[in-house]
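Visitor: Sequence and predicted model, in that order:
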Amino acid sequence: MTNEINNPSLANLEYFPYIDAEGKLPEIFQGKIGVYAIFNHDQLLQFVGYSRDVYSSLQQHLVRQPEQCYWLKVQTIERPSRTVLENIENAWIAENGTIPPGNGENKEKWTQPINVKNLMTAEEQASYHNPANDELAQIKVVKNVARRVEAEIFKVLESRGLQLQLRFNPKLKEEGLLDLKS
């Protein structure tokens, strides 16, 4: 975790557990500008990204892809520079040899709010599309789907030992989106 601007090799950086033994994310990255690589349980690269607040971004990725976030490597920089951040991100992806799933076909799952409408059960879809439902009834169905998906995410994170209190933005739930409140 040096602050050198030259492109550090991903292979030379140390792994950090995504969730430590105390159930926390690495707080040393709060408010830090940097590039980060997220690895699954088997330390296979899943996503490379950059952020003006690495810690906040790590929280978002954890709720969006809880089964893929087990290890990470981070390179911080002192001053924000999109060019520097993008160069490191591109170098790490190139070093990996293949585009990580989160930077390719699954990018939306890593970078966008969770769209719960895509996760509706057949019963929920039938209720949502019921011709007798007005817009308010549809919003209620979507909010209930959002609550179900939210509970499923929290259950997975609890099973992983997460002790961090996370809160989804309540206003987005009626639109069928789950994203952490910032």
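Guide: It's in. These numbers come from a predicted model, not from an experiment.
Visitor: Now do the residue nearest to Thr111 when sequence neighbours are not counted, the pLDDT please.
Guide: The shortest distance from Thr111 to any non-neighbouring residue, by C-beta to C-beta, 6 or more residues apart in numbering, is to Gly49 (7.5 Å). Every C-beta, even on glycine, is put in place using the N, C-alpha and C of the backbone. The per-residue pLDDT reported for Gly49 equals 98.
Visitor: mind listing what Gly49 touches?
Guide: 35-36, 38, 57, 61, 89, 102, 110-111 (C-beta atoms under 8 Å, 6 or more residues apart in numbering).
Visitor: Restrict the strand or helix carrying it to CA atoms and write it as CSV.
Guide: Here Gly49 is covered by strand 45-51, with elements defined by DSSP states H and E. Only the C-alpha atoms of strand 45-51 are listed here, as CSV (Å, rounded to 0.1, in the frame of the first residue of the first chain):
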residue,chain,number,x,y,z
LEU,A,45,-9.7,-11.9,-9.7
GLN,A,46,-13.3,-10.8,-10.1
PHE,A,47,-13.3,-7.0,-10.5
VAL,A,48,-10.8,-4.1,-10.8
GLY,A,49,-12.1,-0.6,-10.0
TYR,A,50,-11.0,2.7,-8.7
SER,A,51,-12.6,5.2,-6.4
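Visitor: pretty sure Ala151 is in a helix, no?
Guide: Yes. Membership of Ala151 in a helix is supported by DSSP: H, G, I helix; E, B strand; the rest coil.
Visitor: Neighbours of it, how many?
Guide: 10 (other C-beta atoms under 10 Å).
Visitor: Please tell me how far it sits from Tyr36.
Guide: Relative to Tyr36, Ala151 is positioned 28 Å away (criterion: C-beta to C-beta, to the nearest Å).
Visitor: got it, and Val149?
Guide: Taking C-beta to C-beta, one finds Val149 at 25 Å from Tyr36.
Visitor: more neighbours, the two?
Guide: Neighbours were counted for Val149 and for Tyr36 using other C-beta under 10 Å; Tyr36 has more, 27 against 20.
Visitor: can you tell me the helix or strand for that one?
Guide: strand 33-39.
Visitor: how much does that strand deviate in direction from strand 45-51?
Guide: Angle between the axes of strand 33-39 and strand 45-51 is 170 degrees (criterion: axes from the mean of the first three to the mean of the last three C-alpha atoms, to 10 degrees).
Visitor: Need the residues that contact strand 33-39.
Guide: 10, 13, 15, 18, 29, 45-54, 57-58, 61, 65, 68-80, 85, 88-89, 92, 102.
Visitor: Just the buried positions in that strand, please.
Guide: Under the neighbour-count criterion of 16 or more other C-beta atoms under 10 Å, strand 33-39 has 33-39 buried.
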